[in-house]
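> Sequence and predicted structure, then a few things I'm wondering about:
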Amino acid sequence: MIIRVATEEDLTYINSFATIVQNEATGGYLKGIDGSKLNGPGIKEYWVLEETNQVCGWILVGESRAPFTGEATAMIFELYVLPQFRGNGYATFLMNAAINHFKIRGYTKAHLNVFAQNPAKRIYDKLGFYDVATVMEKIL
């Protein structure tokens, strides 16, 4: 199992899953909305997890500004493991690689956004991420 920077071919493959990833991550909340601009500006890099020459999942890492303080912070913009590879620890492996990368780069905090019903939230909790703010909504 290796993690490497995504190639152009990988990016085409990853982009073919954009709607699926968005719907799974948001529980369908953003259905029908173009999610291509949701990750905001800044430098980002996709890494793919590959086993036996097959992409099993990916993570999008980069830098952002911390809410409220504006400090530069490491950011995980996207994490996805293909359904047939789930349950093998790949998401945790990708997350730990990102966290270690951020530490080496000198970041003191890493952020991510997650919808409440996203099953990946359990992984984030286990890795020590915690709620900083909650966005609430009421249908009128």
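Great, that's in hand. All values reported here derive from a predicted model rather than from experimental measurement.
> So which bits of the lowest-mean-pLDDT helix or strand in the chain are buried?
The least trusted helix or strand in the chain, going by mean pLDDT, DSSP states H and E, turns out to be helix 18-26, with a mean of 77. Within helix 18-26, the residues that qualify as buried are 21-22, 24-26, counting by 16 or more other Cβ atoms under 10 Å. All C-beta spots, glycine's among them, are computed from the backbone N, C-alpha and C.
> quick one: whatever helix or strand comes next after it to chain centroid distance?
Sequence-wise, the next helix or strand downstream of helix 18-26 (DSSP states H and E) is strand 44-51. A distance of 11 Å separates the centroid of the chain from that of strand 44-51, by Cα atoms, centre = their mean, to the nearest Å.
> Please apply the same query to stretch 97-105.
With Cα atoms, centre = their mean as the basis, stretch 97-105 stands 14 Å off its chain's centre.
> How about residues contacting it?
With contacts defined as Cβ atoms under 8 Å, 6 or more residues apart in numbering, stretch 97-105 is touched by 3, 47, 59, 61, 74, 76, 110, 127.
> Apply 6 Å and report the result again.
Residues external to stretch 97-105 that are found in contact with it (Cβ atoms under 6 Å, 6 or more residues apart in numbering): 3, 59, 61, 74, 76, 110.
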